[in-house]
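Participant: please find the sequence and the predicted model below.
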Amino acid sequence: MNPTDTALDSGLQEMAPEAAGAPRRMVLNMGPQHPSTHGVLRVILELDGEIVTKAQPDIGFLHTGIEKQAEALGWQQVVTLTDRMDYLANLSNNLAYSLSVEKLLGLEIPPKAQWMRVLLAELARINSHAVWLGTHALDLGAMTVFFYCFREREDLLRIFEMFSGQRMMTSYIRIGGLALEPPRGWDRAVRNFIRGLPEKVDEYEALLKENPIFLRRTQGVAAVPLERLLDLGVTGPMIRAAGLGWDIRKAEPYSSYEQFDFQIPVQQEGDVYARFLVRLEEMRQSARIVEQAIDGMPEGPWRADAPHVLLPDREKMKTQMEALIYHFKVVTEGMRVPAGEAYAPVESPRGEIGFYVVSDGGAQPWRVFMRTPSFGNLQSLAEMFEGRLIADTIAALGSMDFVLGDVDR
Amino acid sequence: MNFYLLTLIKMALTILVLLTCCAYAVWVERKVLAHIQLRPGPYRVGPHGLLQPLADLIKLLTKEGILPPYANPFFYLLAPFLAVALALSAIVVIPFTPEFELFGVRTAIGLTDLNIGILFLLALSSLGVYGIAIGGWASNNKYSLMGSLRSSAQMVSYELPLAMAIASPLLLMNSLNLREIAELQNGFYFGFLPRWNIFAAPAPQMLAFLIFLTAAFAETNRVPFDLPEAESELVAGFHTEYSSMMFASFFMAEYANIITICCVATVLFLGGWHPLWPSAYGSDLVPVVLLAGAGLMLLFHAAQAVRRRKWDRFTFPVFGVALLGLAPVFLVPALKLVLIPFFWFVAKAGFLVFVFIWIRGTLPRYRYDQLMRFAWTFLFPLAVANLLVTGLVVALAG
């Protein structure tokens, strides 16, 4: 018998006659095929009328085996797997993995690549938050916001395509720098988008921020105390909405975030509405960071000078023997990473994402463990649901902003 | 004999027109929502998606109707029938135009002239909840059951403010006959403000109208009160298990209800077929100007050399000429007596339908408990207060 069956059975047994003294409860199997579980999450709800008395999440419907698969691929190839975990903010995943491996390699990343990474990670944050806001509002019945948000997302996907040739699975941030040289005219395209963004965010606000129905649906809903959130391992906008200004970009700056001027929005209430406010403000702050990144983009190489790791220039290969030898070795043997272990956290749109990477000195990782924000955030599901109405569970689910690919990997 | 023949013809026409209106209300809804949401909406089937309702109908007719194994077959099949039958029959009491002579019979557009028209409407709308309640229960699905429970509670609760809101124009008009109510709203205050109930003293009959409209949103299960079918929570609510024409019946019933309730609002509050301003100032020319303007605009666009779509090069002139040809019909003296009032009625009801769609594109959804609290602690007392004030004024003045 597989674990999901036992979960349902234990739920059903509570309805059995021997528990006749207890009040009869309805067990509702919400998901994995449900319009609002954002993918294939299954939640077993025990209902008293419309009030949830018990909630039990059941994950694993999107299990891809990415963690294990990473051990069978070359170091550089694993980047493509990280895209497929959190497909809404794949560049943050790329960045987290690359930072970990670069730590092991001891690589020095040129400033242009670092700034470009910051710019792309922030664009990914805007993208992810736009999708979150759209789907969250759609869950609450405000369907127009969804289309407005997807308009911005479409612009962003076009920018990503311009950079990498791909819309979603960009794999653009690689170990040692970037995958390709940034395309000509990228700054104009990004600036055009980012200039218009604050107005668009105002537009979302106009539709929702003071809408009495939206306020009633979100204020005071699914609030969990900060201590409890920290115990459960929740990170990202969810704890910032509960009053803790913890953001890895500020706390442990990576990829030259310390050179940027931005604020960490914090709210105290910790309810669905506070999360909404925090994420909206984060979109604005991300736009600020992107603008600074365009203005101050340093000149120079866009990837590290590390011939034993990265393929050499085509030109050099034709004129220098060492370059040709390195090329041959990297292609045939793959890049080798010195034995050891490293962990580098990154602030993804959902919270702290980190890759714990172990190397035995070979051309493939010995182990790649992902600390993913969606998994941590999902731990708070039961506390948010219990004692609330079914309609609130939808608001709470939306405000958690998880991606099932990130949970199951 | 003439009377029976005429009634039969009118019945056939009414059902045909109503069903077509339902189908095109869906098209209009999709188009309006689409334009609110920065997208073109249906565009592929026919010019600007005009044949989309037909395509949808063919699709739904040819789908397999699935009977879930644990459903109660009798009630499961009865529910959509009940819903659509009750929704469609409510239209019979709506008077669309004043009476006129046809083949020596005094008649009007509109099926019958019930002297208790309002009570009939209220009775039908109370019965309407059965279709949903039975359908949700008989499906034997938890989502359906919750949807139908919510819907029963919601419709029963909102029936009260709805009835209270209806009662205040009834007090003013002193009649239950919809035709009489419409006829009594003839004329203008100060020569320009129409004597519709919405503008009638005691000053805020506007309030009664707004209460009526709010309750109407809840009665027809529309955003922001669309909890019975709250798709994000209850999958599809009471019609989760329904497919094929059974689903289409519920869908049709919803749109028929919207159209009916908009017609009722038009009769009760917006003066039925009476024009917005006196015909002395040219209100009779409005349909002519509108149709001719639309026709000319289409011809103008057809004359533009570059059209993005091949279809438009053909359909724009055709529709343009058709609309231009239709415009002078409203000037023919014999037809004018019927068509101009009919135009005003349809325009007002159509505007209300547009409001229904507009709201859907703008607002989020209420939560179940908030919805009930809204009905009982706000809307109902407000409706009672409004009724009391109206009653007092009528008693003192009359």
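Facilitator: Sure, I can see it.
Participant: residues touching the closest residue to A:Phe402 other than its chain neighbours, list them.
Facilitator: The shortest distance from A:Phe402 to any non-neighbouring residue, by Cβ to Cβ, 6 or more residues apart in numbering or on different chains, is to A:Ser374 (3.8 Å). Every C-beta, even on glycine, is put in place using the N, C-alpha and C of the backbone. Taking Cβ atoms under 8 Å, 6 or more residues apart in numbering or on different chains, we find A:Ser374 in contact with A:86, A:350, A:402-404, A:406-407.
Participant: look at A:Ser374 and report its pLDDT.
Facilitator: At A:Ser374, the pLDDT value in this model is 89.
Participant: wait, is it part of a strand?
Facilitator: No. Going by DSSP: H, G, I helix; E, B strand; the rest coil, the assignment for A:Ser374 is helix, not a strand.
Participant: any idea how far it lies from B:Arg365?
Facilitator: A:Ser374 sits 26 Å away from B:Arg365, going by Cβ to Cβ, to the nearest Å.
Participant: what about the strands in the chain?
Facilitator: Using chain A. A:26-30, A:42-48, A:51-58, A:173-174, A:177-178, A:340-348, A:351-359, A:367-371 (DSSP state E).
Participant: oops, chain B please
Facilitator: Going by DSSP E, chain B shows strands at B:100-102, B:105-107, B:188-189, B:193-194.
Participant: tell me the mean pLDDT over the last one?
Facilitator: If I follow you right, that is strand B:193-194. Rounded mean pLDDT across strand B:193-194 is 76.
Participant: isn't B:Ala79 up against B:Gly128?
Facilitator: No. In this structure, B:Ala79 is not within contact of B:Gly128 by Cβ atoms under 8 Å, at 11.4 Å.
Participant: higher neighbour count, those two?
Facilitator: More neighbours surround B:Ala79 than the other of B:Ala79 and B:Gly128, with 28 against 24 (other Cβ atoms under 10 Å in any protein chain shown).
Participant: what is the burial count for the residue nearest to the more buried one when sequence neighbours are not counted?
Facilitator: Nearest non-adjacent residue to B:Ala79, counting by Cβ to Cβ, 6+ apart: B:Gly135, 3.2 Å away. Number of residues near B:Gly135 (other Cβ under 10 Å) recorded here: 32.
Participant: could you do B:Asn386 as well?
Facilitator: 23.
Participant: pLDDT value on it, please?
Facilitator: Note for B:Asn386: predicted pLDDT of 85.
Participant: tell me what the top helix by length along chain A is packed against?
Facilitator: The helix spanning the most residues in chain A, taking DSSP state H as the definition, is helix A:111-139. Helices and strands touching helix A:111-139, by 3 or more Cβ pairs under 8 Å, 6 or more residues apart in numbering or on different chains; DSSP states H and E, are helix A:90-105, helix A:143-164, strand A:173-174, strand A:177-178, helix A:186-208, helix A:272-295, strand A:340-348, helix A:390-400.
Participant: residues in contact with the fifth one: which ones?
Facilitator: With contacts defined as Cβ under 8 Å, 6+ apart, helix A:186-208 is touched by A:119, A:123, A:126, A:133, A:137, A:142, A:144-145, A:148-149, A:151-152, A:155-156, A:158-159, A:162-163, A:214, A:276, A:280, A:283-284, A:287, A:290-291, A:294, A:297, B:362, B:364.
Participant: that older thread, so which of the strands of chain B is the most surrounded?
Facilitator: strand B:193-194 (a mean of 16; mean count of other Cβ atoms under 10 Å in any protein chain shown).
Participant: on that earlier part again, and of the strands of chain A, who's closest to chain B?
Facilitator: Chain B lies closest to strand A:26-30 among those, at 5.3 Å (Cβ to the nearest Cβ).
Participant: figure out how far that closest one is from the centre of its chain.
Facilitator: Remark: strand A:26-30 is offset 29 Å from the chain centroid, using Cα atoms, centre = their mean, to the nearest Å.
Participant: and it, is it in reach of chain B?
Facilitator: Yes. Strand A:26-30 reaches chain B (Cβ under 8 Å from any Cβ of the partner chain) through A:26, A:28.
Participant: what does the stretch 201-350 of chain A have sitting close to chain B?
Facilitator: Counting by Cβ under 8 Å from any Cβ, the stretch 201-350 of chain A sits next to chain B at A:207-208, A:211, A:213-214, A:216-217.
Participant: reformat those as TSV; add pLDDT.
Facilitator: Output for those, formatted as TSV (pLDDT from 0 to 100):
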residue	pLDDT
A:Leu207	84
A:Leu208	85
A:Asn211	85
A:Ile213	85
A:Phe214	87
A:Arg216	85
A:Arg217	85
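Participant: which non-adjacent residue is nearest the residue in the stretch 51-200 of chain B positioned nearest to chain A?
Facilitator: At 5.3 Å from chain A, B:Lys142 is the closest residue in the stretch 51-200 of chain B, using Cβ to the nearest Cβ. Of all residues beyond its chain neighbours, the one nearest B:Lys142 is A:Leu28 (5.3 Å), with distances taken as Cβ to Cβ, 6+ apart.
Participant: ok so, going back, you'd agree the residue nearest to B:Ala79 is up against B:Ser249?
Facilitator: No. The pair B:Gly135 / B:Ser249 is not scored as a contact, 9.5 Å apart, by Cβ under 8 Å.
Participant: overlap in contacts of the two?
Facilitator: Shared contacts of B:Gly135 and B:Ser249, counting by Cβ under 8 Å, 6+ apart, come down to B:80, B:83.
Participant: tell me, please, where in the chain the pLDDT is lower than the cut-off.
Facilitator: The chain I'm using is chain A. A:1-23 (pLDDT under 70).
Participant: hm, I was asking about chain B
Facilitator: Ranges of chain B meeting pLDDT under 70: B:1, B:103-105, B:201-204, B:227-232, B:305-309, B:398.
Participant: which bits of it sit near chain A?
Facilitator: Counting by Cβ under 8 Å from any Cβ, chain B sits next to chain A at B:33, B:36-39, B:142-143, B:146, B:223-224, B:226-227, B:230-235, B:360-370.
Participant: buried ones among these?
Facilitator: Applying a neighbour-count criterion of 16 or more other Cβ atoms under 10 Å in any protein chain shown, the buried members of the residues of chain B next to chain A are B:33, B:36-37, B:142-143, B:146, B:223-224, B:226-227, B:230-235, B:360-368, B:370.
Participant: B:Ser144 contacts B:Gly136, doesn't it?
Facilitator: Yes. The pair B:Ser144 and B:Gly136 passes the contact test of Cβ under 8 Å, sitting 4.3 Å apart.
Participant: can you list residues touching both of these two?
Facilitator: Joint contacts of B:Ser144 and B:Gly136 (Cβ under 8 Å, 6+ apart) are B:237-238.
Participant: now B:Val321: closest residue in space that isn't a chain neighbour?
Facilitator: Leaving aside its sequence neighbours, B:Val321 sits nearest to B:Gly295 (Cβ to Cβ, 6+ apart; 7.0 Å).
Participant: could you list every residue that touches residue 93?
Facilitator: No chain specified, so I'll use chain A. Shown in contact with A:Asn93 (Cβ under 8 Å, 6+ apart): A:82-83, A:85-86, A:348, A:353.
Participant: my bad, the chain I had in mind was chain B
Facilitator: The neighbours of B:Val93, taking Cβ under 8 Å, 6+ apart as the test, are B:110-114, B:117, B:120-121, B:178.
Participant: mind putting the residues you listed in JSON lines, neighbour count included?
Facilitator: Putting those into JSON lines (neighbours: other Cβ atoms under 10 Å in any protein chain shown) gives the following:
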{"residue": "B:Gly110", "neighbour count": "23"}
{"residue": "B:Leu111", "neighbour count": "19"}
{"residue": "B:Thr112", "neighbour count": "14"}
{"residue": "B:Asp113", "neighbour count": "16"}
{"residue": "B:Leu114", "neighbour count": "16"}
{"residue": "B:Gly117", "neighbour count": "23"}
{"residue": "B:Phe120", "neighbour count": "18"}
{"residue": "B:Leu121", "neighbour count": "25"}
{"residue": "B:Leu178", "neighbour count": "26"}
